[in-house]
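In: Structure of the sequence below:
(chains A and B)
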Number of protein chains: 2
Amino acid sequence: MNAAVLKKMAMRAKKAAVTLGMLDTEVKNKALRAMADAMLKHKAFILRENAKDVSAAEKRGISQALLGRLALDDKKIAGIASMLGAIADLKDPVGKSISEWSRPNGLVIRKVRVPIGVILIIYESRPNVTADCMALCLKSGNSVILKGGSEAFFSNKALFKILSQAAYTAGVPEGAFEFVSATDRSVVKTLLQMRDDIDLVIPRGGEGLIRQVAALSKIPVIKHYKGVCHVFVDKDANLSKAEKIVVNAKTQNPGVCNAMETLLVHEAIAEKFLPSVSERLKEKQVELRGDDKTRKWVSGVKKATQKDWYEEYLDLVLAVRVVKNFDEAVAHIRKYGSAHSDAIVTENAATAGAFTRQIDSACVFVNASTRFNDGGEFGMGAEMGISTDKLHARGPMGLEELTSYKYVVLGQGQVRG
Amino acid sequence: MNAAVLKKMAMRAKKAAVTLGMLDTEVKNKALRAMADAMLKHKAFILRENAKDVSAAEKRGISQALLGRLALDDKKIAGIASMLGAIADLKDPVGKSISEWSRPNGLVIRKVRVPIGVILIIYESRPNVTADCMALCLKSGNSVILKGGSEAFFSNKALFKILSQAAYTAGVPEGAFEFVSATDRSVVKTLLQMRDDIDLVIPRGGEGLIRQVAALSKIPVIKHYKGVCHVFVDKDANLSKAEKIVVNAKTQNPGVCNAMETLLVHEAIAEKFLPSVSERLKEKQVELRGDDKTRKWVSGVKKATQKDWYEEYLDLVLAVRVVKNFDEAVAHIRKYGSAHSDAIVTENAATAGAFTRQIDSACVFVNASTRFNDGGEFGMGAEMGISTDKLHARGPMGLEELTSYKYVVLGQGQVRG
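Out: Just a heads-up that it's a prediction; the model follows:
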């Protein structure tokens, strides 16, 4: 695909966005349900195409973890179909009034949600991202350009074909979904220059991909960087709550961005808390890397280096540090954290309040697992990802975060004096 | 100022932002009032420094309009002092709860406003922008780096010195305000690469400056581009309201971005409306440039070219076009407009509704002048400018638009299942 072909694609998406932005909620929901039906109806075709990707990946000898993300099966396809239905059931954000007020001169000002326009999603090997993004962008009235990873090429293309056909038949304007069928990297660079046609780029994947997109893009990017998430067990913690939260935050799903990577323990309770929690963690096969004070209370712990404090393991590994006091915990999180999800365990309301004020992360928890930083858990119904940026959207990005707004001002002939 | 000096400056601003983001409202307000007092106390010094810029500008022979923007006087200084007091009186957006809800598992989720961090403002010749930006950033808890135009160098430096000293004495952390004293353009390029230290760039000035900043920046930019604003007088318009609105939108302050640049008139009322409105406009010294149909009903109108439809005159010039129908008006605005401020004059509620749905501009007006797209007129109290972007902030940017948010989640030991 050369630049001219890509430009045409982006212009189709831009043109479709005008109609799509005003499309009736019912048409969008009908299309989403038709997409769900089509998933199930064409399951055999999708699995056949997915098998091509899986077999190529196996030949290249990729890891079991990556293979697990790539491979589709009956259960995953049913899951995608059910997600499509669930997005049809969510409220349409477009046209919703965010706020409304009137002015002394009689003008009524209404702040109304509108779609952003054209969104480019650049992602890696999980084919279900194709369906997620098509559904979320459709419901929020945005055209979407999909650029998936080459390792999932056949799967993505099959999903795109089935889902877009179903949506177009149901009345979605053609161009609402575009698929970049080239797999060479120069295509990404070309797309990232098209700031007149594409309004937003969302890279979904590893840190390398995200940094590369951010560095190249002339279009605004909302990043979903890594999560170096902390749990701080304060001196006033309820230690049984603390143990449950620490074990959950580390082990419930260690491969995701909101899993805990570093445990900070207040010195005053370290002797009591550390031996017991480390037993629970070791039962779950967690490898600990600790500072000297941690290693004093727990035997067989590897020494943590500076590098460990910055590390997003995404694995059953945990860095542990004993801190002198609250301030040292806050300073550690500010220095080494990624401002994603950080928690305190404490029964002291003043300490909890100080933590939520002083820690500037997308999501700050008191007495709860960091794993709750998630669109579904927040009640948003579905999410595009978890933004680590501070502009436009921060934390879980649901349908509302995929919209902009405009002001509608209603007058009776007012002029400015 | 070399790159190392600029980097140190940005790091000072970043460090100050942490404290500033948690500063008590009372300290910020006290500082703003001290800044207002200092303006008046040091008026003679400020005027003396401003006179250096004005005299240099006169020697270079700049236009009267530019000179008017550059020159300060007693009245302007009193205006700045009063603006500082007014911002002290505004509600502090930081820490404000945007929304709060609870989940079936008992978690309470609170979406809370926080500052963005470090904001870089790049602006041109109006010295009062220095004071505006310092006040708005302080109140919204953001550190600000100011890069003003070389033509206002002495004025900006004097204002910066007086205002920052007053604020620091009142308890604002040092580094909250930084001033780029170099005037060479390479400095801007260097600053625009510092995406680890600066969170947002707002260019304020002409289109050339804004385009240049957007092209060079590795930091998110919120743009305040030009306003090619329209008024569409529909066939169902109340023509006396229409005349008032058209004259106001064009002539009340023609040099600003929310002034009307193109008038669209429905064919069905053109014969009746155009001769009379053009008389009123001519009385106000407005030069008209019209299409053939306009020239049929109004004599002495220069022929408009394609270029006129795209033009932001910022002057007493108006492009006029007669359109066949509503759809042609909408198509014209979509094609030639800048999605800033567009108005319809109509008594037909269905037509008004269609216009507000189909026109995707930052501000869409029904029966009111485009000049109302303004933070003050919206009741925001003060504004950083009017965003023409669709991400983060659109339309007038007040204090709230200078903030981000974080989620604070309060639990009682919840873990994810």
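
In: Is stretch A:351-364 positioned near chain B?
Out: Yes. Stretch A:351-364 is in contact with chain B by C-beta under 8 Å from any C-beta of the partner chain, via A:352, A:356-358, A:360-364. Quick note: C-beta positions are derived from backbone N, CA and C, even for glycine.

In: surely A:Trp101 meets A:Tyr407?
Out: No. A:Trp101 lies out of contact with A:Tyr407 (C-beta atoms under 8 Å); the separation is 10.8 Å.

In: Spit out the residues that contact the two alike.
Out: A:Ile109 (C-beta atoms under 8 Å, 6 or more residues apart in numbering or on different chains).

In: hmm, back to that, which among the residues of stretch A:351-364 next to chain B gets closest to B:Glu124?
Out: A:Asp360 (32.4 Å; C-beta to C-beta).

In: Number of residues surrounding the closest one?
Out: For A:Asp360, the neighbour count with other C-beta atoms under 10 Å in any protein chain shown is 22.

In: Spell out the secondary structure type for it.
Out: coil (DSSP: H, G, I helix; E, B strand; the rest coil).

In: What's the local residue count around the residue in the stretch 51-200 of chain A that chain B sits nearest to?
Out: At 5.5 Å from chain B, A:Ile116 is the closest residue in the stretch 51-200 of chain A, using C-beta to the nearest C-beta. Neighbour count of A:Ile116, defined by other C-beta under 10 Å: 22.

In: Return the residues in contact with it.
Out: A:140, A:142, A:199-200, A:402-404, B:390-391.

In: do that again at 10 Å, thanks
Out: A:17, A:21, A:137, A:140-143, A:199-200, A:220, A:392, A:401-404, B:390-391 (C-beta atoms under 10 Å, 6 or more residues apart in numbering or on different chains).

In: same deal with A:Gly417?
Out: Contacts of A:Gly417 by C-beta under 10 Å, 6+ apart are A:105, B:248, B:252, B:371.

In: Give me the buried stretch members for stretch A:22-42, please.
Out: A:22-23, A:27-36, A:38-39, A:42 (16 or more other C-beta atoms under 10 Å in any protein chain shown).

In: Quick one: name the residues of the stretch 51-200 of chain A near chain B.
Out: Proximity of the stretch 51-200 of chain A to chain B is confined to A:95, A:101-112, A:114-117, A:195, A:199-200 under the rule C-beta under 10 Å from any C-beta of the partner chain.

In: quick one on the thing from earlier: same list as before, the contacts of A:Gly417 that is, but in JSON lines and with secondary structure and pLDDT included.
Out: What follows is those, written out as JSON lines (DSSP: H, G, I helix; E, B strand; the rest coil; pLDDT from 0 to 100):
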{"residue": "A:Asn105", "secondary structure": "coil", "pLDDT": "97"}
{"residue": "B:Asn248", "secondary structure": "helix", "pLDDT": "98"}
{"residue": "B:Gln252", "secondary structure": "coil", "pLDDT": "96"}
{"residue": "B:Arg371", "secondary structure": "helix", "pLDDT": "97"}
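
In: export those residues to TSV and tack on neighbour count and distance to A:Lys293?
Out: Shown next, in TSV, are those (neighbours: other C-beta atoms under 10 Å in any protein chain shown; distance: C-beta to C-beta, whole Å):
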residue	neighbour count	distance to A:Lys293
A:Asn105	14	66
B:Asn248	23	71
B:Gln252	18	69
B:Arg371	26	65
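
In: which of those lies closest to B:Val187?
Out: For the contacts of A:Gly417, the nearest to B:Val187 is B:Arg371 (35.6 Å; C-beta to C-beta).

In: got the contact list for the nearest residue to the closest one once chain neighbours are set aside?
Out: In space, and not counting its chain neighbours, B:Arg371 is closest to A:Arg416: 4.1 Å by C-beta to C-beta, 6 or more residues apart in numbering or on different chains. By C-beta under 10 Å, 6+ apart, the contact list for A:Arg416 reads A:105, B:245, B:248-249, B:252-253, B:258, B:368-372, B:374, B:377.

In: the longest strand in chain A is where?
Out: Assignment by DSSP state E gives strand A:403-414 as the longest strand of chain A.

In: Distance from that strand to the middle of the chain?
Out: Computed by C-alpha atoms, centre = their mean, to the nearest Å, the chain-centroid distance of strand A:403-414 equals 32 Å.

In: Please name the strands paired to that strand in the sheet, noting orientation.
Out: strand A:108-115 (antiparallel), strand B:363-368 (parallel) (DSSP bridges).

In: Quick check: phi and psi on the nearest residue to A:Ala56 once chain neighbours are set aside?
Out: Spatial nearest neighbour of A:Ala56, excluding adjacent residues (C-beta to C-beta, 6+ apart): A:Glu151 at 7.5 Å. Per-residue torsions, A:Glu151: phi -70, psi -20 (degrees, to the nearest 10).

In: now the strands paired with strand A:403-414 in a markdown table, with distance to B:Lys157, mean neighbour count and mean pLDDT?
Out: Output for the strands paired with strand A:403-414, formatted as a markdown table (distance: least, C-beta to C-beta, whole Å; neighbours: other C-beta atoms under 10 Å in any protein chain shown; pLDDT from 0 to 100):
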| stretch | distance to B:Lys157 | mean neighbour count | mean pLDDT |
| --- | --- | --- | --- |
| strand A:108-115 | 38 | 20 | 98 |
| strand B:363-368 | 35 | 27 | 98 |
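
In: out of those strands, which comes closest to B:Tyr310?
Out: strand B:363-368 (19.7 Å).

In: what's the following helix or strand after that closest one?
Out: helix B:375-378 (DSSP states H and E).

In: buried sites along that following helix?
Out: The neighbour-count criterion (16+ other C-beta under 10 Å) identifies B:375, B:377-378 as the buried residues of helix B:375-378.

In: my read is A:Arg334 is in a strand, agree?
Out: No. Per three-state DSSP, A:Arg334 lies outside any strand segment and is helix.

In: That one: neighbour count?
Out: 15.

In: Do I have it right that it meets A:Gln358?
Out: Yes. The pair A:Arg334 / A:Gln358 is scored as a contact, 8.2 Å apart, by C-beta atoms under 10 Å.

In: okay, and the common contacts of those two?
Out: Here A:Arg334 and A:Gln358 have B:Val18 as joint contacts, going by C-beta under 10 Å, 6+ apart.

In: still on that earlier bit, so which of the buried residues of helix B:375-378 reach chain A?
Out: Near chain A, by the rule C-beta under 10 Å from any C-beta, you find B:377-378 out of these.

In: ok, so of the buried residues of helix B:375-378, who is nearest A:Arg185?
Out: B:Gly375 (43.3 Å).

In: Please name every helix or strand in contact with the helix or strand of chain A with the lowest mean pLDDT.
Out: Lowest on mean pLDDT, DSSP states H and E among the helices and strands of chain A sits helix A:64-70, with a mean of 87. In terms of contacts (3 or more C-beta pairs under 10 Å, 6 or more residues apart in numbering or on different chains; DSSP states H and E), helix A:64-70 is packed against helix A:43-60.
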